[in-house]
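Colleague: Got a predicted structure plus its sequence, pasted below:
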Amino acid sequence: MSKPIGLLSIATGLVFLLAGVLFGALGGIFYLFPNELRDIIPFAKLRPLHVSSIIFWILFTAIGGLYLYLPKQKKQTIQRLPVVQYILLLIAALAIPVFYALGIFGGREYWEFPPQLGLIIASSFVVLAIVFYKRIKKRPVIGKWPVYRWMWMCGILFFILSFAESYLWLLPYFEKNLVRDMAVQWKSYGSLVGSWNLLINGSALFVMEKISGNKKIARQPLAYAMFYLGLFNLMFNWGHHIYSLPVSNVIRYTAYAVSMTELIILAKIIWNWRSSLSDAKKHRHLLSYRFFTAADIWIFLNLVMALMMSVPAINLYTHGTHITVAHAMGTTIGINTMLLFASATYACSRFASRFSTKQLKYINSGLYLSNGALLIFWISLIGAGVGKAVMQVQNPDIPHALLMRELVPWFVGFTVSGIGIAMGIILIVLPLLKTIIHKFSTKVTQPETQLQAS
Amino acid sequence: MLKRAFGTATGIKLIFGCLFISFLFFTAFVYTSEVPETVSPAEQELALKGKHLWQQNNCSACHQLYGLGGYLGPDVTNVMSAKGKGELYVRAILQHGTATMPDFKLKPDEIQALVVFLKDADKSGKADRSHFRTDPYGQIHQTNTSQP
């Protein structure tokens, strides 16, 4: 059962990605015609529809990978749990856009839906934690775990903890003080993003191990050191989101100091650059490896950006501008989406069927188009952010409407390139979806035993 | 050294345990650390109602508090005390909307609650970068508000 539910979860994620890029492209168009579209497609609905779709793309695809890559479990009850988890997450994922479309909110940024729906998402992750525990318990690894298991475990654990923490605002102690509430809100969001990054990175490392055939990748001490450095940042570096909030200086100094440890990751990337290039040559025929290479470049670019933004004196100028959006988009599309595509293409060719030459051509075109467009998109957002910061420094009392009008050329840049990203992603998603649908349609005509043997 | 720390299952579990305990202590510190008290107890319920309305209308899709939120509209942390703005300006916009902001058809008591909520935000601190100074280490400090 784990293979079909794994593939189904990935297919569901791909559908949400299609919805996410569509809403994203509409959001870009809204920036160009805010007055004309104000009442037709309200931005207050469009933004959460885009964000939620992308979050569910990440969650479904990362969890799908987990089901495919975790050790198998033959016990019937444990086999059913992934279905329960999938259904719970799907109910939430389908209900949330309906609430948004009807204009029913009540939550907060990124989780704008009424808080009751959060219970379904939390339950789904509790079931996932049980599945993970049962599957690992039955198949222990002699000695130490490969690092990707630690990543998956911490990803699930910190998702549950951080997601619960993001609802502490329901308690009067947190709700009644705006500053404390915002501090806890952004603490939980920082860790939440870190938690799904762990789920994605775990699967990426698993796939890397499989395609390289090198088991040391996920077992060498350096791999653990880098994992703990990431976990350390997940726990303590979130404070760079709230440098301007009047919280204790301890929070601010901790975030600054911890964020700077990412310099070690940057140094490692530069140190490994040569071997990465030779590996890229060696594996260039592999589709998954191409997505890894694209993600590598985006990790480098976004890490440099993140390090700069973590310096409070620089953050003072970048915060509250589109530079923050550039960072969010660079990491979500350039890193997370590319890594998830690497995992999805590996999963499809390993567990569904091989891609045809035509499908490979589409996926490759999509890879180049989406990454090329993303670069323009990223630069346009940085341009808009720098433009806003410069204008606000030169004229602190500049009216917001005038400021936005001055930034229109950058908005045109990110809208057009955003449509390019959407087209590139569609070129990748459609062949992947077709492969999975084909697998399920042949399943109908095949006995279950054949499916298990695949 | 790396091999000694991360080479065994026990070493890996020990590091995880230490990190997790530090995380719990830091979390407790964040929850209990001192923060500015703003509205009077008499106005607290109204400010809370305003905060709920802020969430129910998803204002953060376009507006920011302390630079956090969407960028289609302006940051409203200090709109109540900003030059050329203030309560009347806020009330007018809440009542009628603007070219880009829809009219949310808010009732007078809802407008009042949102105004009190925005006053609360204004009293909590300053969001504009002109209210910060940087030190030689690259850290920033608010210049004209009392910090905990």
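Modeller: Looks like it arrived, so ask away.
Colleague: ranges for the strands of the stretch 151-300 of chain A?
Modeller: Remark: no strands are assigned in the stretch 151-300 of chain A by DSSP state E, counting those that start in this stretch.
Colleague: least trustworthy helix or strand in chain A by mean pLDDT?
Modeller: helix A:448-453 (a mean of 37; mean pLDDT, DSSP states H and E).
Colleague: burial count for the closest residue to residue A:201 other than its chain neighbours?
Modeller: Take residue A:201 and drop its neighbours on the chain: the residue closest to it by C-beta to C-beta, 6 or more residues apart in numbering or on different chains is residue A:151, 5.6 Å away. (Each C-beta comes from the backbone N, C-alpha and C, glycine too.) When neighbours are defined as other C-beta atoms under 10 Å in any protein chain shown, residue A:151 has 26 of them.
Colleague: try residue B:91
Modeller: 15.
Colleague: cool, and residue A:33?
Modeller: For residue A:33, using other C-beta under 10 Å, the count is 13.
Colleague: per-residue confidence for it?
Modeller: Per-residue pLDDT puts residue A:33 at 95.
Colleague: ditto for residue B:83
Modeller: Reported pLDDT for residue B:83: 87.
Colleague: Just to be sure, it is in a helix?
Modeller: No - if the criterion is DSSP: H, G, I helix; E, B strand; the rest coil, then residue B:83 is coil and not within a helix.
Colleague: Go ahead and confirm it touches residue A:397.
Modeller: Yes - if you go by C-beta atoms under 8 Å, residue B:83 and residue A:397 touch, sitting 6.0 Å apart.
Colleague: Which one of the residues in chain A is closest to chain B?
Modeller: residue A:320 (3.1 Å; C-beta to the nearest C-beta).
Colleague: tell me the contacts of that residue?
Modeller: Applying C-beta atoms under 8 Å, 6 or more residues apart in numbering or on different chains, we find residue A:320 in contact with B:64, B:67-68, B:71, B:75, B:127.
Colleague: Please report the distance of the closest residue to it other than its chain neighbours from residue B:77.
Modeller: Leaving out its chain neighbours, the residue that sits closest to residue A:320 by C-beta to C-beta, 6+ apart is residue B:67, at 3.1 Å. Between residue B:67 and residue B:77 the distance is 8 Å, computed by C-beta to C-beta, to the nearest Å.
Colleague: Just give me the closest of the contacts of residue A:320 to chain A.
Modeller: residue B:67 (3.1 Å).
Colleague: residues touching the closest one, list them.
Modeller: A:244, A:319-320, B:75, B:127.
Colleague: Next one: it, what pLDDT does it get?
Modeller: For residue B:67, the predicted pLDDT is 94.
Colleague: Need the phi and psi values for it.
Modeller: With angles defined as degrees, to the nearest 10, residue B:67 sits at phi 80, psi 10.
Colleague: According to the record, where do the domains of chain B fall?
Modeller: B:2-32, B:41-128 (automatic domain parsing).
Colleague: which of the ones you listed sits most buried?
Modeller: A comparison of the domains of chain B by mean neighbour count, using mean count of other C-beta atoms under 10 Å in any protein chain shown, puts domain B:41-128 on top with a mean of 18.
Colleague: So for it, first residue to last residue, what's the gap.
Modeller: 27 Å (C-alpha to C-alpha, to the nearest Å).
Colleague: Just give me the neighbour total for the closest residue in space to residue A:179 that isn't next to it in sequence.
Modeller: Counting by C-beta to C-beta, 6+ apart, residue A:179 lies nearest to residue B:35, which is 4.3 Å off, once chain neighbours are set aside. Per other C-beta under 10 Å, the neighbour tally for residue B:35 reads 21.
Colleague: Can you give me the distance of residue B:35 to residue A:170?
Modeller: 18 Å.
Colleague: Show me the strands in chain B, by range?
Modeller: For chain B, the strands defined by DSSP state E cover B:64-65, B:68-69, B:132-134, B:140-142.
Colleague: and the first one, is it in reach of chain A?
Modeller: Spelled out, it's strand B:64-65. Yes - applying C-beta under 8 Å from any C-beta of the partner chain, one finds strand B:64-65 in contact with chain A at B:64-65.
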